[in-house]
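Trainee: next come a sequence and a model predicted from it.
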Number of protein chains: 2
Amino acid sequence: MNILIVDDDREIVDSIAIFLSGENYGVLKCYNGIDALAALSENEVHLIILDIMMPKLDGIKTLIKLRESRNIPVILLSAKSEDADKILGLTAGADDYVTKPFNPSELVARVKSQLRRYTTLGGIGKQNGVITISGLSVNTENKTVKVDGEDVRLTPIEYRILELLARNRSRVFSADEIYRNVWNEENVVGDNTIAVHIRHIREKIEINPKEPKYLKVVWGIGYKVD
Amino acid sequence: MNILIVDDDREIVDSIAIFLSGENYGVLKCYNGIDALAALSENEVHLIILDIMMPKLDGIKTLIKLRESRNIPVILLSAKSEDADKILGLTAGADDYVTKPFNPSELVARVKSQLRRYTTLGGIGKQNGVITISGLSVNTENKTVKVDGEDVRLTPIEYRILELLARNRSRVFSADEIYRNVWNEENVVGDNTIAVHIRHIREKIEINPKEPKYLKVVWGIGYKVD
DNA sequence: GAAATTTCTTAAGATTTCTTAATAAATGAG
DNA sequence: CTCATTTATTAAGAAATCTTAAGAAATTTC
C-alpha cells in the first residue's frame, strides 16, 4: 500500500514517513497541493495524509480538486484545532481530521483504520477498470487481457509489465524504469530480462511479433504501448 | 439512515440523538453493549456511535463481537483521551474515535464522513441474497452453499472466503486480500493458510478439484471464482 | 471434560514461471 | 557500407508458486 504525505513542513513529512515505512507502507512525499495532485496521477496511491496550511494550493482546495475524480481515503492534518475547521474539512470530503501536534502511533492507527475500511469495502480496484487500446484491452480488476475479444493468458510479471505500459499509454519506459515499477527494486541484472519478457508478451498479444502493433520499441530509450 | 447510539449515560445519548435527528437520521438508543448487539440484529442500522466505558459489556468488547459478523461504521466515544486507548479502539476495528467532551457538530460531521465513505463504496446495498454462478449457488442469507442443487457443508472460514470470491465474481483476490477481508487483519502468517482453505473448499464444491470449475487460481496473483 | 470439528502449521512434491547466457538480428552513426 | 551498440531470440536450469497431505493446536459440541 502506498501513502502520499503532503505538508510544506519537510520535517513533519519525514517523521511521518519513518513511522509509516516502519509499518511496511510505501511512502510518497510532496510539499504542496499542486505537486500532490501531479503525484496522484502518476502513482498508485491508496491513502493521502494532507496538511491544510500550505502555500500554492491549500489542503482543502487540494481535497476538493482531487475528489472530483478520486475517492481514496484522505486524512487531513492541521495545526488548527478549531471545530469549525474540522467540520469544514470533513464536509469537504475528508475521512478523518487529525490536529497537530499528534501522536505518530495514533496517526498510524487511523491510517490503518481508513485503509481497512477502504479495502474491505472493495474500494481498491473500483476506480481501475478496463484499459482499452484499439484491439487490446486490459482488465485491471480481473487481471485479464484480451486481444480482439480473445482471452490471452499472461504470466504475473508479463501482466504487470503490460498493465504498466497500458496505463501510461504512449509513454516510453526504459528497461530500468520497467524494472523499478514491476519489481519494486533497482535493476542490477541487466536489460536482457526485460527483453525476454517483452518478447513473451509480444508472442501472446501480437498477431505478428516481428511487427508489433501494440508493444513498440523506441530505440535507445525503451518500450511503450500505443 | 439509522444510527445506533450506545452509552450508559442517558443524557449523552439523548443529546446526540437530538443533533442527529435534526439532520434527519433515524436514531436508536441503547445503554449497554448487550442490548446494542441485540438491537443490531433486530434493526437496520447503518452506523454505530459506541461509548467505551459501559457496564455489562464494554465498548471495545462489543465492537469486537459485532465485527465478527458486521462491517458497518463504528465511531467510538470515550472520556479517555489517552493515545493508547485510541490506538486500541482503532485497532479493534473502529472507524473513528472521539473523546468527550466533544462538539456535537463535529460528531455530526464525522458521522456524515463515515456514512459518505460507506455508501460511496457500496457498503449499503450489499444486500443478502443468493449468488448464482452456473451450478454453484451461495445463499448469503442462510449462509449455505449448494452445488447442482446439493447442499454443501462449509466451515465458517471456508464459507466467508467463498462468499467474498462469489460476491466479486471473476475479480482476483491475492492471499493477503482474502486474509484482510475474512480475518479483518493483516496477514502475518504467510499465504499457505489460505492455500489450505482453498483446497478444502475445492474438495467440497468441485467435482474434480484438480481441474477447478469454480474456484480458480491466477498464477502469481491470487484466486477467483468464475 | 472428552470427543468432534475446525483451523493452523509444516513440509514435500508438482507445476509454472523467471532468469541466465549465448547467439542472432536490427539500427543508426560515421 | 561497416562497425559498434542495442534489441531480439532461444533453450535450459533456477526459482518461485501452488497443491497435497498429515498432524498439531485451538475451538466447539456433546
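Mentor: Looks like it arrived, so ask away.
Trainee: what are the ranges of the helices in chain A?
Mentor: Taking DSSP state H as the criterion, chain A carries its helices at A:10-22, A:33-42, A:59-67, A:83-91, A:104-120, A:156-167, A:175-183, A:192-205.
Trainee: reformat those helices as TSV; add mean pLDDT, mean neighbour count and distance to DNA strand D.
Mentor: Every residue, glycine included, has its C-beta placed from N, CA and C. Formatted as TSV, the helices of chain A follow (pLDDT from 0 to 100; neighbours: other Cβ atoms under 10 Å in any protein chain shown; distance: least, Cβ to the nearest atom of the strand, whole Å):
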stretch	mean pLDDT	mean neighbour count	distance to DNA strand D
helix A:10-22	94	15	22
helix A:33-42	86	17	23
helix A:59-67	92	19	33
helix A:83-91	91	18	38
helix A:104-120	91	21	19
helix A:156-167	91	20	7
helix A:175-183	88	18	6
helix A:192-205	91	17	4
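Trainee: need those helices in CSV with distance to A:Gly220, can you?
Mentor: Shown next, in CSV, are these (distance: least, Cβ to Cβ, whole Å):
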stretch, distance to A:Gly220
helix A:10-22, 35
helix A:33-42, 23
helix A:59-67, 37
helix A:83-91, 49
helix A:104-120, 41
helix A:156-167, 18
helix A:175-183, 11
helix A:192-205, 14
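Trainee: so which of these is nearest DNA strand C?
Mentor: DNA strand C lies closest to helix A:156-167 among these, at 2.9 Å (Cβ to the nearest atom of the strand).
Trainee: spell out which parts of chain A neighbour DNA strand C.
Mentor: Chain A comes close to DNA strand C at residues A:153, A:155-158, A:183, A:189-190, A:192-193, A:196-197, A:219-220, as judged by Cβ under 7 Å from any atom of the strand.
Trainee: please save the CA atoms from stretch A:106-122 in PDB.
Mentor: These are the backbone C-alpha positions of stretch A:106-122, laid out as PDB (Å, rounded to 0.1, in the frame of the first residue of the first chain):
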ATOM      1  CA  GLU A 106      -2.300   7.300  16.700                       C
ATOM      2  CA  LEU A 107      -1.900   8.600  13.200                       C
ATOM      3  CA  VAL A 108      -0.700   5.200  12.100                       C
ATOM      4  CA  ALA A 109      -3.700   3.600  13.800                       C
ATOM      5  CA  ARG A 110      -6.000   6.000  11.900                       C
ATOM      6  CA  VAL A 111      -4.300   5.200   8.700                       C
ATOM      7  CA  LYS A 112      -4.800   1.500   9.200                       C
ATOM      8  CA  SER A 113      -8.400   2.100  10.100                       C
ATOM      9  CA  GLN A 114      -9.100   4.000   7.000                       C
ATOM     10  CA  LEU A 115      -7.300   1.500   4.800                       C
ATOM     11  CA  ARG A 116      -9.100  -1.400   6.400                       C
ATOM     12  CA  ARG A 117     -12.400   0.300   5.700                       C
ATOM     13  CA  TYR A 118     -11.400   1.100   2.200                       C
ATOM     14  CA  THR A 119     -10.100  -2.300   1.300                       C
ATOM     15  CA  THR A 120     -12.800  -4.400   2.900                       C
ATOM     16  CA  LEU A 121     -15.400  -2.500   1.000                       C
ATOM     17  CA  GLY A 122     -13.500  -3.200  -2.200                       C
END
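Trainee: what about that stretch, near chain B?
Mentor: Yes: for stretch A:106-122, a contact with chain B is found by Cβ under 8 Å from any Cβ of the partner chain, at A:106, A:109-110, A:112-114, A:116-122.
Trainee: check stretch A:184-191 too.
Mentor: No: counting by Cβ under 8 Å from any Cβ, chain B has no neighbours in stretch A:184-191; the shortest distance is 14.5 Å.
Trainee: residue nearest the centroid of chain A?
Mentor: A:Glu44 (0.7 Å; Cα atoms, centre = their mean).
Trainee: identify the residue spatially nearest to that residue, adjacent ones excluded.
Mentor: Spatial nearest neighbour of A:Glu44, excluding adjacent residues (Cβ to Cβ, 6 or more residues apart in numbering or on different chains): A:Asn2 at 5.8 Å.
Trainee: can you check the pLDDT for the one you found?
Mentor: At A:Asn2, the model reports a pLDDT of 90.
Trainee: so how far is the first residue of stretch A:22-30 from its last?
Mentor: Terminal residues of stretch A:22-30 are spaced 19 Å apart (Cα to Cα, to the nearest Å).
Trainee: contacts for it next, please.
Mentor: Here stretch A:22-30 makes contact (Cβ atoms under 8 Å, 6 or more residues apart in numbering or on different chains) with A:1-6, A:13-14, A:17, A:20-21, A:36, A:39, A:43, A:45, A:108, A:111-112.
Trainee: the same query, at a cut-off of 7 Å, please.
Mentor: Here stretch A:22-30 makes contact (Cβ atoms under 7 Å, 6 or more residues apart in numbering or on different chains) with A:1-6, A:13, A:17, A:20-21, A:36, A:39, A:43, A:45, A:108.
Trainee: count the residues that sit near A:Lys224.
Mentor: If you count neighbours by other Cβ atoms under 10 Å in any protein chain shown, A:Lys224 ends up with 18.
Trainee: gap between it and DNA strand D?
Mentor: 11 Å (Cβ to the nearest atom of the strand, to the nearest Å).
Trainee: tell me the contacts of that residue?
Mentor: Here A:Lys224 is in contact with A:Leu165, A:Ser170, A:Arg171, A:Val172, A:Phe173, A:Lys216, A:Val218 (Cβ under 7 Å, 6+ apart).
Trainee: got a list of what the residue nearest to the first one when sequence neighbours are not counted touches?
Mentor: This means A:Leu165. For A:Leu165, ignoring the flanking residues on the chain, the nearest one in space by Cβ to Cβ, 6+ apart is A:Val225 at 4.0 Å. Going by Cβ under 7 Å, 6+ apart, A:Val225 touches A:Ile133, A:Leu165, A:Ala166, A:Arg169, A:Tyr214, A:Leu215.
Trainee: what is the most widely separated pair among those residues?
Mentor: Maximum pairwise distance among the contacts of A:Val225 (Cβ to Cβ): 11.6 Å, between A:Arg169 and A:Leu215.
Trainee: compare the two (neighbour count), which wins?
Mentor: When neighbours are counted by other Cβ under 10 Å, A:Arg169 and A:Leu215 differ, and A:Leu215 comes out ahead with 21 against 12.
Trainee: and the more buried one, what are its bridge partners?
Mentor: When assigned by DSSP bridges, A:Leu215 has beta-bridge partners A:Val225.
Trainee: great, nothing more from me.
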